[in-house]
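Colleague: sequence and predicted structure are below.
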Amino acid sequence: MAFLKCSNSIFVLFTACILFSCTQPHEVFIQNQNSGGALGTSYNIIYQSEKELDFQSEIDSVFSVVNKSLSTYIPDSDISRINDGDSMVVVDKMFKDVFNLSKEIHQKTEGYFDPTVGVLVNAWGFGPGEQLQLDSTLVDSLLSFVGFDKVSLTDANTIQKKNPAIRFDFNAIAKGYAIDRLAVLMDKKGIQNYLIEVGGEIVAKGENRIKKKPWATGIEDPQAEQGRGLKIIINLKDRALASSGNYRKFRIDSIKGEKYVHTVDPKTGFTKNSKTLGANVLAKTCAEADAYATAFMAMELNKVLDLLATQKELEAYIVYLDENGDTQEFMTEGFSAVVVK
């Protein structure tokens, strides 16, 4: 009996030692952060790891190559050269990615997302080109230079335009695409938990391991008269968020005193003060979320709801005015699920 008792004690002690030796040490995460200005806006990137890291040079490189390919504000960028009539430009993978995704979303939105509105964006005073004094006759003439069916990507990776005056403006998708490229950078670096924000558009992966909470972000109130009030807060994990609203960007005509919003309706050629005040979209990629949020501001609400019913990979939160001018909200079930109650 004494021998058995001793054996049991040794067994218990041995088992305890095994359990102790197999216990993982407490994980300690360090928050690394880079912020600054790029793409005409600000950015803030948080990435957590077990050691201090600094990817600033790589981040700058991503912004640089995106600008070189897609920025209409850089005279010698690929898109600027194409806009100016250079048909010999061989576009890079980034331009091809954005072109092909734009074509897909153009079809799914029945033409309401159309990056060939560049000539109109300039004319209305929201681009790098010359602002014009527009009337219905001039708008109609400019519409002849709009239409994604009038451009194509050749097998030689050059762009063909049916009219040399057609101008691309990928600003409604390029920022989201840049964020996706930053996310690819983080993935290649082996980072499992990060939050990337550029000009209010966001990609989140994993969670905030330091706070042991999901990544959280606020949705702006499109009717906030001062500052940037929050409407709701949502949790983000392995998703992208983009928002669009005419409250963000508009101009007031100094002579007429009229308000012109930055959403240009590619169907009519006019800027659109729609009853939709703000569109917020969750998608797998930020480029998709960015493009759809922009399109939703130009589309009638019933068309938006019809599209959301068929595109199950999208979730959306729409703030709009009803027929009586009262504020209403629409939220898909998937979007509602991530709202912080």
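Modeller: That came through fine. Numbering: from 1, shown residues only.
Colleague: partners of Leu230 in the sheet?
Modeller: Judged by DSSP bridges, the bridge partners of Leu230 are Glu220.
Colleague: er, Thr41 I mean
Modeller: Thr41 forms beta bridges with Ala38, as assigned by DSSP bridges.
Colleague: break down the stretch 51-200 of the chain into its strands, ranges please.
Modeller: Along the stretch 51-200 of the chain, the stretches classed as strands by DSSP state E, counting those that start in this stretch are 151-153, 159-161, 193-198.
Colleague: turn those into TSV, including mean neighbour count.
Modeller: Yep, even glycine has a C-beta here, placed from its N, CA and C like the rest. Listed next are these as TSV, based on neighbours: other Cβ atoms under 10 Å:
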stretch	mean neighbour count
strand 151-153	16
strand 159-161	17
strand 193-198	22
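Colleague: hang on, Ala240 is in a strand, isn't it?
Modeller: Yes - counting by DSSP: H, G, I helix; E, B strand; the rest coil, Ala240 is part of a strand.
Colleague: how far away is the nearest residue to it once chain neighbours are set aside from Ser144?
Modeller: Nearest residue to Ala240 in three dimensions, chain neighbours excluded: Cys286, at 3.8 Å (Cβ to Cβ, 6 or more residues apart in numbering). Going from Cys286 to Ser144 by Cβ to Cβ, to the nearest Å gives 32 Å.
Colleague: Val264 now?
Modeller: From Val264 to Ser144 the distance is 15 Å (Cβ to Cβ).
Colleague: who does the residue lying closest to Ala183 once chain neighbours are set aside bridge with?
Modeller: Nearest non-adjacent residue to Ala183, counting by Cβ to Cβ, 6+ apart: Val203, 4.7 Å away. For Val203, the beta-bridge partners under DSSP bridges are Ile196, Ala240.
Colleague: for Val203, what are its contacts?
Modeller: Val203 makes contacts with 179-180, 182-183, 195-196, 239-241, 286, as judged by Cβ atoms under 8 Å, 6 or more residues apart in numbering.
Colleague: any idea how far Thr116 is from the residue nearest to Ala240?
Modeller: Going from Cys286 to Thr116 by Cβ to Cβ gives 22 Å.
Colleague: repeat for Ile232
Modeller: 34 Å.
Colleague: now swap in Gly269 and tell me
Modeller: Distance, Gly269 to Thr116, using Cβ to Cβ: 12 Å.
Colleague: equivalent analysis for Lys162, please.
Modeller: According to Cβ to Cβ, Lys162 and Thr116 sit 10 Å apart.
Colleague: same thing with Pro164?
Modeller: 13 Å.
Colleague: which of those two has more neighbours?
Modeller: More crowded of Pro164 and Thr116, by other Cβ atoms under 10 Å: Thr116, with 22 against 13.
Colleague: quick check: the more buried one touching Val146?
Modeller: Yes - using Cβ atoms under 8 Å, Thr116 is in contact with Val146, at 5.2 Å.
Colleague: shared neighbours, these two?
Modeller: Counting by Cβ under 8 Å, 6+ apart, the contacts common to Thr116 and Val146 are 166, 266.
Colleague: which stretches of this protein have low pLDDT?
Modeller: For the chain, residues meeting the criterion pLDDT under 70 lie at 1-26, 225-228, 246-262, 272-273.
Colleague: could you pull out the helices for the stretch 201-341 of the chain?
Modeller: Using DSSP state H, counting those that start in this stretch, the helices of the stretch 201-341 of the chain run over 286-298, 301-310, 333-336.
Colleague: save those as JSON lines, and put in mean neighbour count and distance to Ile82 too.
Modeller: Below are these laid out as JSON lines (neighbours: other Cβ atoms under 10 Å; distance: least, Cβ to Cβ, whole Å):
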{"stretch": "helix 286-298", "mean neighbour count": "28", "distance to Ile82": "19"}
{"stretch": "helix 301-310", "mean neighbour count": "15", "distance to Ile82": "29"}
{"stretch": "helix 333-336", "mean neighbour count": "14", "distance to Ile82": "36"}
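Colleague: make a markdown table from those helices and add distance to Ile30 to it.
Modeller: Formatted as a markdown table, these follow (distance: least, Cβ to Cβ, whole Å):
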| stretch | distance to Ile30 |
| --- | --- |
| helix 286-298 | 25 |
| helix 301-310 | 40 |
| helix 333-336 | 32 |
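Colleague: which one of these lies nearest to Gly218?
Modeller: helix 333-336 (14.1 Å; Cβ to Cβ).
Colleague: other SSEs contacting the closest one?
Modeller: Helix 333-336 is packed against strand 276-283, strand 315-321, with contacts defined by 3 or more Cβ pairs under 8 Å, 6 or more residues apart in numbering; DSSP states H and E.
Colleague: what residues sit buried inside the longest one?
Modeller: Of the residues in strand 276-283, those buried by neighbour count under the rule 16 or more other Cβ atoms under 10 Å are 276-283.
Colleague: cool, the last one as well?
Modeller: Across strand 315-321, burial judged by 16+ other Cβ under 10 Å covers 315-320.
Colleague: adjacent strands (with direction) for that strand?
Modeller: Sheet pairing for strand 315-321, using DSSP bridges, gives strand 276-283 (antiparallel), strand 327-331 (antiparallel).
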